[in-house]
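# This is a predicted model, with the sequence first.
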Amino acid sequence: MKGKRVSDEPVFTVLNPVAEEPEREITPLSPRLDTLAGKKVLVVNLHGGNDEVIESVAPDLKAAVPDCTVEYFRTDGGFGGNPLTSEDWARILDCDTAILGHNF
């Protein structure tokens with residue numbers, strides 16, 4: 001029996017399928033605000049449409065945080081539609097924070 005295999009079945013090796021991800025630092029786009037009091041908030045309706053729903057966020061937010069300024073803004077750009085114009089970007093960047101809503 002010298003040199004004879006125990007089994008004629010093939011031999012398989014099982015590997016761990018879990019990948020090893022390198023550690024990476026996550027950098028958020030912008031820090032979260034501690035409060036909306038005294039801040040300018042822009043509620044942006046991207047693509048337009050659904051005006052009733054998205055527009056209702058502005059007065060509700062103003063009622064919840066009376067010390068903030070809330071403005072509703074409707075644009076036809078963003079999220080796969082027309083690109084945002086330079087005027088859109090200027091308006092968005094002029095506020096402390098923005099809430100984006102869209103209509104697909």
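Arrived safely. Residues are numbered from 1 along each chain as shown.
# where does the protein have its least confident helix or strand?
Sorting the helices and strands of the chain by mean pLDDT, DSSP states H and E puts helix 51-55 at the bottom, at a mean of 83.
# how far does that one sit from the chain's center?
19 Å (CA atoms, centre = their mean, to the nearest Å).
# and it, what does it pack onto?
Using 3 or more CB pairs under 8 Å, 6 or more residues apart in numbering; DSSP states H and E as the contact criterion, the elements in contact with helix 51-55 are strand 40-46, strand 69-75. Just so you know, the C-beta spots here come from the backbone N, C-alpha and C atoms, and that holds for glycine as well.
# Out of the ones you listed, which one sits most buried?
strand 40-46 (a mean of 21; mean count of other CB atoms under 10 Å).
# tilt between that strand and strand 69-75?
Going by axes from the mean of the first three to the mean of the last three CA atoms, to 10 degrees, strand 40-46 is angled at 20 degrees with respect to strand 69-75.
# so what secondary structure elements neighbour strand 40-46?
Under the contact rule (3+ CB pairs under 8 Å, 6+ apart), strand 40-46 is packed against helix 51-55, helix 57-64, strand 69-75, helix 86-93, strand 97-102.
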